[in-house]
Each structure stands twice: as C-alpha cells, then as structure tokens.
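**Q** Build the 3D model from these lines:
(chains A and B)
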Number of protein chains: 2
Amino acid sequence: MLIVQKYGGTSVGSVERMKNVAARCLATARQGHQVALVVSAMSGETNRLLKLVNEIHDDPNDREVDVIVSTGEQVSVGMVALAIRAAGGKARSFLGHQCKIVTDSAFSRARIVSIDSQPIKDALDAGEIAVIAGFQGVDEKGSITTLGRGGSDTTGVAIAAALGADVCEIFTDVDGVYTTDPNVVPSARKIDRISYEEMLELASLGAKVLQIRSVELGMKYKVPIHVRSSFSDVEGTWVVPEEISMENVVVSGVTVAKDEAKITCEDLPDTSGVASKLFGPLAEASISVDMIVQNQAHDGTTDLTFTVPRGDRKRAVDLLRAQVPDLVGPEGQRIKFDDEIAKVSVVGVGMRSHAGVAKRMFQLLAAENINIQLISTSEIKISCVIARKYAELAVRALHDGFGLSLPPSERAGL
Amino acid sequence: MLIVQKYGGTSVGSVERMKNVAARCLATARQGHQVALVVSAMSGETNRLLKLVNEIHDDPNDREVDVIVSTGEQVSVGMVALAIRAAGGKARSFLGHQCKIVTDSAFSRARIVSIDSQPIKDALDAGEIAVIAGFQGVDEKGSITTLGRGGSDTTGVAIAAALGADVCEIFTDVDGVYTTDPNVVPSARKIDRISYEEMLELASLGAKVLQIRSVELGMKYKVPIHVRSSFSDVEGTWVVPEEISMENVVVSGVTVAKDEAKITCEDLPDTSGVASKLFGPLAEASISVDMIVQNQAHDGTTDLTFTVPRGDRKRAVDLLRAQVPDLVGPEGQRIKFDDEIAKVSVVGVGMRSHAGVAKRMFQLLAAENINIQLISTSEIKISCVIARKYAELAVRALHDGFGLSLPPSERAGL
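**A** Residues are numbered from 1 along each chain as shown, chains lettered A, B, ... in the order given. Model (predicted):
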C-alpha cells in the first residue's frame, strides 16, 4: 500500500516526539508499505514567528509573512528526516517548492492548483520515506505561499490524491472524531466511520479535528482519510464515501461554534436588490457571511439577520454604515448586533430519510428553556443560533436527546 | 550607484536592529542609489537550530541539516523586507533558490557555481530594495545548500559581482579591519585601505572580520569591499586592488590563530613518496593540513612536522597510526603532538620590496624569550608557531615593534 501520514504540530512538538513519529512511520514502512509523511511546524512555532512579524507589521496577507512563517515546517521536515535516518531508515525532505505544490498567489490563504508528485514518487521508489512540508506551496512566480491555519491537513490529502495513495492518515492529539466535544459532554463517543459530507458539516460547524478544505479534497478525489492519535495504535475515525448503513444513524454529531456574531438590519424596504446592496460591501471586504435569515415582510419592510466571524463584526457594521446609509440609516440606527451568540448544530446523512429531526431538536432546546434566535438547515444538518451562555447546556441536551452516548446499533429511531 | 550591503547576525539581531537596517538602506536608496541587501540569520539563531539538530544527529554535512539551518536567513529576509516596507520603502525578499544561487552539493560547505541575478535586477529596476538571504544556495537538483560559517559575506560579494555593483558594504559589529585584535593590543589601529592579498592573509590567519572566500571572490571579480560598522556612519576599511602607496607600509597587520595543533612524525625514511604516503589518509579524511616543515635529513632519516585544526588532531593521529604503521610505528610511537600552540603572523604587501622583515620578527620574539617552533613564509606574510601561552605577548611585541600603533605615514622603514 501507499500510505500518506500527516502529523500535526503536537505530534512533532519536541525532538522526543519526532523520534516517535520516525518509529511509527518506519514500523509502517517495514510492513512493506510505501510511506510519505506530511508534517506541520513544531507546536508553538508558527505563533512564535507570527509574533515576530507583528513586532514590525500588521497585515498577515503579505508575501514576506509567508516567507517567514513557512520556516516552521521547513525545520520540522529536516528534523523528522534526520530522526528517521537516526532510527535506521532512509528519508528525504521536500519543501513546497521542491515537490512542487503550486498554489495561487493569495498569501497566507493560498489554494493548491497542482502538485508535481514525480520527485516524491522517485524518492518512494528509491525506498526512501518522503517527508513533505505541510502548509506551504509556491506560486507561479516562485514566491513561497502558505495555505492558512490547518493547511497541513490539506497538504496531506492533496499529496495523497496526487500520489493515488490508499489512505491518508491524519495523526493528531485526539484519537478520532467524536459525536461532540468530550470536554463538554463526557459521554461523547468516537465515531468509527463517517461520510465526507457529514465530516464537511462537522468541520464547518466548529469541530476542529480536520480542516474543511482537506475534507473537500478527500471527497473530490475519494481519498479515504483516517483520523487517529499519534500517541496510540487504536483505530480512529475513517472519513469515507457515504455507505448505505450510515443512513441508519440519524444524527452523527453535535457541534457548537462560538466565534460568530449576529447582525440585524431592521426595517429594510421589501424591494429587489436590497440583499445584494447590503452584502456587496461585505463581500468586497472579504467578510464571510454565514447564516442569513430574512423575515416575511409586512407593511412593506422586512428585517434581515446574518452572522459573521466575531472578529469582523465591528468592521462589517462600520462598512454598512459608511456604504449603505440609505438602508441602515446615516448613523446606522437600524443596525443591531449581538456578539454573545453560539451556533449549535446536529449533523447526519440519516436526516435525509428521517423526518422530524428538526422538530426533535427544537423540542430538546425548548425543554431546557433555550430560546432559538435563528435557524438554518441543509440536507444533512440543522443549526440554531442561541445565547452563548446556553451553549454547553444545549450541546449536552442534544447529544443525550439524540442518543449519541449509546453505540449506533443501540440508538432508537430518533 | 548600485550598492550591495551585507548585514551580519548582530546587525539583524533584534526587531529594533532590523529597523535600523531598514532605515540605513532606505537612506542609501534615497540618495539615488540602487540597493541590494544580503542578510544573515539573527544572531544566535543558527546555533539554536544546530543545537536542535544535535539532539538527533551528529553529522553536520547532511542535506537535511542545510534544510533546517537555512531557515535562519529565511526569517531574516522576510523580517527585513517587512521592516523596509513599514518604514515606507519597497522591498522584496529572495531566497537562495529564488535568485538563483546555484552551488555544488557539498552540504554545509557548498561553493557557489553561478548566480542568476535577473530576478534581483528586475526588483531593483522596479524601485524595490532586494533583500537576499545570505549563507544559502541551491544545488542542481534543487536541494537547499549552505555555504559554511561566515557564508553570508561570500553571498554578499558574489551578489555584488553578479550585479556588477560599485561596492559591497559589509556591515558588522566592529568598525573595520584592525592592525591586530584591539582586545589584545589596545593601541591597534583601524586600517583605511588594504589590498585583497593582504586581507586574504589576514583572514586566513585568524582575523575574523571577513570570510576568506568572500575576499577571494572580491579579488577575482574586482569588487571593492567596504567593511564598516552597522552602528555608526564612520568610514571603515576598504579592501581594494593593490595600490602603489600600499608598498610603503611594510607590515599591515599582526594576527594570531590559536585553533591549530602540531603533529610531528619522527625518524621517517628519507626517501621519495614518504610525504604523499603520510598526507594521503589525511586528505581523504578532509583534514586540512596547514604548515608543513621537513627537517634536513641526517643518517637517512628525517622529521616532518605539520599543523592541523585542533579539533581534527586526534582523528589525524588515529588515521596515521592505523593506515601508515610502517612510517609511524604500529602503536604510533614515532608520532608526537602538541595542542598548546599558537601561530602569530605579520602580513604586508610591502614585504615584497623590503628585506629584513623576517629577521626583525625573529629579533622581536627573541627579545621576549619566545621560542619559535615552526616558521612558514609567503610573499607577503611570515608565520611562526610558538607556545600558546605566549600568544598575546608575541602579538603585542610584534605590533609595537613594527610600529603599527602609529599612523602609516609616521612609521619608520621597519
């Protein structure tokens, strides 16, 4: 088999841990597999470098910032390659510009355009373990780029896709994907198998174990992803194409996101073009709008509520006030906002064939006297915005209410 | 003018100092010059990285070590480019593989083969300050290489040569090249102008202000090198082609090297091929032999004495014992060694036209009762090996005896 193993910053956080990584990948290689590693910067290193940058400069989307920050992974690949050799194996490191992970030129959040995997294949065919720097690439002009936080997951899956690997193992400091955050709900269970679609929703909704783009890539190129602990040998969570049996599980996981803020524009004219006029300035400023809910109009006016990343809330309000005063009032009088919200969501491909999940969710929240402020649904998830102070309470109620503390086979219909 | 400025690790040792570098090169640019910078790693950074490496691995001549160590300069160029921009200038960083400093594949001590300076020229023509990583290059296979300690000097002069720059300014933490180490001889004087040949001897003999290879390159491509302080605006030392007036100065400088050891092989047969047989194993082991002195033979045997870097002395003795037991005895009985030596030297192009410098040197040492163990001479230098405990005494005696505490115009013939 050809196996890609991705190790996060915690897994290579010290020389001792790098030696563990070396031992683990060598054990895999000695079973007769070809192994390519993708490694992150040692934990804390990227933050150390960004702190240095911030002493001079405050725009992170800068060519030079990527030059600086990408050194974290560069040190890691060299060290891990040395560790493998010290343990008796053969290894060779690859930087983004060497293997050649070509991206666009969006510094600090670049997207992969292509990978020339031949140098890696040559190393594997020569019996070497390829140790590839995660998180980084190179644009068409040869400038170094980085893929954004968690970008090493994306590198891992992209490399697996380019090599046609049998699996991309994502080693991390937890032993898989859980039905919800075990820190909030101690009875949370590890999920054995989950579909890309569900994982995508969980990742979008705040489960931090896998970067969204890596899941998208895995889905697109059908790369089986195995999320597992770098500190143990137990099976973790397989993220794979949807299987028939998965539909029996109505709800796979419960998530909560606490990093958004809610903005409401009141008394908008109920005419065409209002929404595009309102969201135009935000899109231009690259503020990503998540949930959008528009009330049924009455008396010719309507309210429009949406959520944005909490860090962008002030900028969003300022932009609206400056650019569409005709809609929100010259002083922005008709804008209301609330930073103290949380978004709880339930996810599951089984929802497609089971009616009543939304009803059950609203019942469970109501039973705890939690008021629902906004609702948004997709085919396989339901999200509710609530007051942030109820976030943990809501997650526990939903997790227990949907029976997620039980093994899938023992859960009742709903 | 086109000016290359090279800043060492101390000059970019903190964010504050990087801002000084930015201010200085911007001041130069605002006088209408084109400016390319070459910068080293922040002081202490290369050692920090090597320490990390040593936790895993003890061979520094490894492809992966260069991958790791080269990140020091990578961080510096990004930071300095940001500092220039923060100060209102335009700047762009270049790594070894971007500008393209092609070297051989001798990791940790690579030599520059070629430079494709077009990307730098394009940046300069666009009004940008080019900020180039010192110390690093890339071999023909695209692997990252480093040039060895002090390699940023070499990068600076090589870039100046490739660009056809008018001058390569080497900014450092001292304000020029001195007649000897001012820490040993307080009356040491800064040298205003010195020839490449003299600088080469001074650098080989232990003056650490410029890397030897950078001087060789400067001489080969006739790049004027200006060694000066990054903390002041005073003129430093110009290293330039030899000028007529330089011959008036008989001795330009006195140096001392304390990092060598002396090995003597006694009672060697006085036959042809003995020396090559003896030095063959050392050459194969890349142990560089410095001074070699062979006695006049008598009774058919001769003694041969040479010096090696002190760190290689044990290895050298072991090699000789193992590989040429017929010459040195099966237990190496006929090998003697001494680690407690120093080599003091006087250097000056004026020696070519002034007889009696050697005689004067021996007199000055004898007057201090310092025994001379070995002597080696070149056209423009005389070196004596003495007991290490007399090193400072010898340097002071020679410095004063040759009148180096006086301005060149006031020095008597000898």
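
**Q** Which residues are in contact with residue A:328?
**A** Residue A:328 makes contact with A:265, A:320-321, A:334-335, according to C-beta atoms under 8 Å, 6 or more residues apart in numbering or on different chains. Every C-beta, even on glycine, is put in place using the N, C-alpha and C of the backbone.

**Q** Chain A - how does it break down into domains?
**A** What the record gives for chain A is the domain set A:2-173, A:244-414, from automatic domain parsing.

**Q** sorry, back to before: and chain B, which of the contacts of residue A:328 reach it?
**A** Subset of the contacts of residue A:328 in contact with chain B: empty, counting by C-beta under 8 Å from any C-beta of the partner chain.

**Q** ok, back up a step: where among the domains of chain A is average confidence lowest?
**A** Ranked on mean pLDDT, the bottom entry among those is domain A:244-414, at a mean of 90.

**Q** Angles on the backbone of the residue of chain A most remote from its centre, please.
**A** Each residue of chain A has a distance to the centre, and by C-alpha atoms, centre = their mean the biggest one is for residue A:299: 42.0 Å. Backbone dihedrals for residue A:299, given as degrees, to the nearest 10, come out at phi 60, psi 30.

**Q** and the helix or strand containing residue A:72, anywhere near chain B?
**A** Here residue A:72, judged by DSSP states H and E, is contained in helix A:71-86. Yes: residues of helix A:71-86 contacting chain B under C-beta under 8 Å from any C-beta: A:71, A:74-75, A:77-79, A:81-83, A:85-86.

**Q** What is the nearest of these to residue B:57?
**A** residue A:82 (4.4 Å; C-beta to C-beta).

**Q** That closest one reaches residue B:65, doesn't it?
**A** Yes: using C-beta atoms under 8 Å, residue A:82 makes contact with residue B:65 at a distance of 7.4 Å.

**Q** quick one: the helices in the stretch 201-350 of chain A?
**A** Assigned by DSSP state H, counting those that start in this stretch, the stretch 201-350 of chain A shows helices spanning A:212-221, A:274-284, A:313-323, A:325-328.

**Q** Highest mean neighbour count out of these?
**A** With neighbours defined as mean count of other C-beta atoms under 10 Å in any protein chain shown, these peak in mean count at helix A:212-221, which reaches a mean of 20.

**Q** Show me what that helix packs onto, helices and strands only.
**A** On a contact count with 3 or more C-beta pairs under 8 Å, 6 or more residues apart in numbering or on different chains; DSSP states H and E, helix A:212-221 meets helix A:151-163, helix A:196-204, strand A:225-229.

**Q** could you dump that helix to PDB, C-alpha only?
**A** C-alpha atoms of helix A:212-221 as PDB (Å, rounded to 0.1, in the frame of the first residue of the first chain):
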ATOM      1  CA  ILE A 212     -12.500  21.800   5.800                       C
ATOM      2  CA  ARG A 213     -10.600  22.000   2.600                       C
ATOM      3  CA  SER A 214      -8.800  18.800   3.300                       C
ATOM      4  CA  VAL A 215     -12.200  17.100   3.600                       C
ATOM      5  CA  GLU A 216     -13.400  18.700   0.400                       C
ATOM      6  CA  LEU A 217     -10.300  17.400  -1.400                       C
ATOM      7  CA  GLY A 218     -10.700  14.000   0.100                       C
ATOM      8  CA  MET A 219     -14.300  13.900  -1.200                       C
ATOM      9  CA  LYS A 220     -13.300  15.200  -4.600                       C
ATOM     10  CA  TYR A 221     -10.500  12.700  -5.100                       C
END
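
**Q** what's the average pLDDT for it?
**A** Averaging pLDDT along helix A:212-221 yields 93.
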